[in-house]
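S.K.: Here is a sequence with its predicted model. Questions after.
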Amino acid sequence: MGNSQAQGIRGRPEEAPQLLESLVRRAEAAGASDIHLQRVGDGAEVAFRLDGVLAPVSTLPAEVTERVFGRIKYLSRLRTYQSTLPQEGRIDRAEIGSRGDLRVATYPTVTGEKIVLRLFLESSGRRLSELHLSPPILSLLERFLRSPSGLLLLTGPAGSGKTTTIYGCLRHLLELGGRHVITIEDPVEQVLPGLMQTEVNEGAGLTFATAARHLLRQDPQVLVVGEIRDEETAGVVVRAALTGHLVISTLHAGSCHGVVERLLGLCSDRQSAIAALSLILNQRLLRQVCPGCAGRGCERCLHSGHLGRIPAVEWCAVGETQRARLRAGDVGSIRPGCPLSAVARELVAAGRTTEAERVRVLGPAEGIEESGEGN
């Protein structure tokens, strides 16, 4: 599928519900994270995102395209007649016979409307020990999660596995037990029994900052804030970490050094931000060489040579010595324990991924990922 030509889907307009369900089942069987449907003329092109790479898989003919697009909008409670403005919704798994809920996002383009379906598979949730993290990083995370308070920040571009790592941490916290854990997510991708999970709804005024401010009155011991987007959220997160809460969040920066710079830029009280910060993870995902065919291509990997992805993660633990340097204004002292470039090269040397994949994800130049540019 990954390297083969897209095949056309045949069907009559009245078969649109069955065609949509078949397409979702096909994407689930392939392990896709997203389904892309792009209107081109009267028809549509269909592609799956497989291991982070978009692969064309089929085309929808004109006679069924309108019905399939309308069916998606109907199930996700969107305006079926609206195609010139973006819309967002969600399809319940029971409505379509899928293994998990689907997030729906429509967007107008010059060739016609585009719809992206994000697949949420509860079965894809993995424990922290199953994320293929290096022993030093796994040890650091387990130690942090046993701490009574502190702030863990994750960074990396979209699709770098931050959410997967956070859910691994949440499962580990559930295994440890004994603490009230509250999450604020956009969206909730997996429902984990035993947690109090909240979904952001900016249209209704429920932002990350608003939710965090009020949820602190729910007596959490662990608070997970999906993303720090503004000064108010940064302030709430820092105060929570300093007042006896264990806090996990993400911050778009692209490097460990960039995370500190951005956090200090968002917080008016820089000293509190420095005191709160405990651990930074900067991660990427690289496609893994298919173990069944050693990268040559087989049915199992859909002839792509890759099967699944592995994380490349650099980390920076912020202890008292590092905090003293930051208080003195030495932000440049933030250096990862093992740079991302070195981690990725180790994975290539071990035969777990390829040099071409390393270059695709990190770029050809040494040190480009440490700068945080382009993220």
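M.R.: Nice, thanks for sending it over.

S.K.: List the residues that contact L266.
M.R.: Residues in contact with L266 (CB atoms under 8 Å, 6 or more residues apart in numbering) are 228, 230-231, 234-235. (Each C-beta comes from the backbone N, C-alpha and C, glycine too.)

S.K.: G159 too?
M.R.: The contact partners of G159, taken as CB under 8 Å, 6+ apart, are 52, 285.

S.K.: circling back: show me the contacts of L266 that map onto helices.
M.R.: Those of the contacts of L266 mapping onto helices are 231, 234-235, per DSSP state H.

S.K.: for the residues you listed, which one is nearest R323?
M.R.: For those, the closest approach to R323 (CB to CB) belongs to A234, at 17.4 Å.

S.K.: Give me the ChimeraX select line for the contacts of L266, limited to the buried ones.
M.R.: With 16 or more other CB atoms under 10 Å as the criterion, this ChimeraX line picks the buried residues out of the contacts of L266:
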select :228,234,235
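
S.K.: outside of stretch 39-49, which residues touch it?
M.R.: 1, 6, 9, 23, 27, 30, 32-38, 54-62, 65, 68-69, 109, 111-114.

S.K.: Wasn't I184 part of a helix?
M.R.: No - going by DSSP: H, G, I helix; E, B strand; the rest coil, the assignment for I184 is strand, not a helix.

S.K.: What helix or strand is the residue nearest to it when sequence neighbours are not counted located in?
M.R.: Using CB to CB, 6 or more residues apart in numbering and skipping the chain neighbours, the partner closest in space to I184 is A211 (4.4 Å). According to DSSP states H and E, A211 maps onto helix 208-215.

S.K.: With only the CA atoms kept, save the next helix or strand after that helix in CSV.
M.R.: Per DSSP H and E, the first helix or strand lying C-terminal to helix 208-215 is strand 222-225. Output of strand 222-225 as CSV, limited to C-alpha atoms (Å, rounded to 0.1, in the frame of the first residue of the first chain):
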residue,chain,number,x,y,z
VAL,A,222,-0.9,15.3,39.6
LEU,A,223,-1.9,17.7,36.8
VAL,A,224,-1.4,17.1,33.1
VAL,A,225,-1.8,20.2,30.9
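
S.K.: so how far is stretch 35-43 off the chain centroid?
M.R.: Relative to its parent chain, stretch 35-43 has a centroid offset of 25 Å by CA atoms, centre = their mean, to the nearest Å.

S.K.: Could you give me the buried positions within that stretch?
M.R.: For stretch 35-43, a neighbour-count test (16+ other CB under 10 Å) marks 35-39, 43 as buried.

S.K.: Could you export the residues you listed as CSV, including secondary structure, pLDDT and distance to R327?
M.R.: Formatted as CSV, the buried residues of stretch 35-43 follow (DSSP: H, G, I helix; E, B strand; the rest coil; pLDDT from 0 to 100; distance: CB to CB, whole Å):
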residue, secondary structure, pLDDT, distance to R327
I35, strand, 97, 49
H36, strand, 98, 47
L37, strand, 97, 52
Q38, strand, 97, 51
R39, strand, 95, 55
G43, strand, 93, 61
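
S.K.: E95: which of the residues you listed is nearest?
M.R.: Nearest to E95 among these: I35, at 15.4 Å, using CB to CB.
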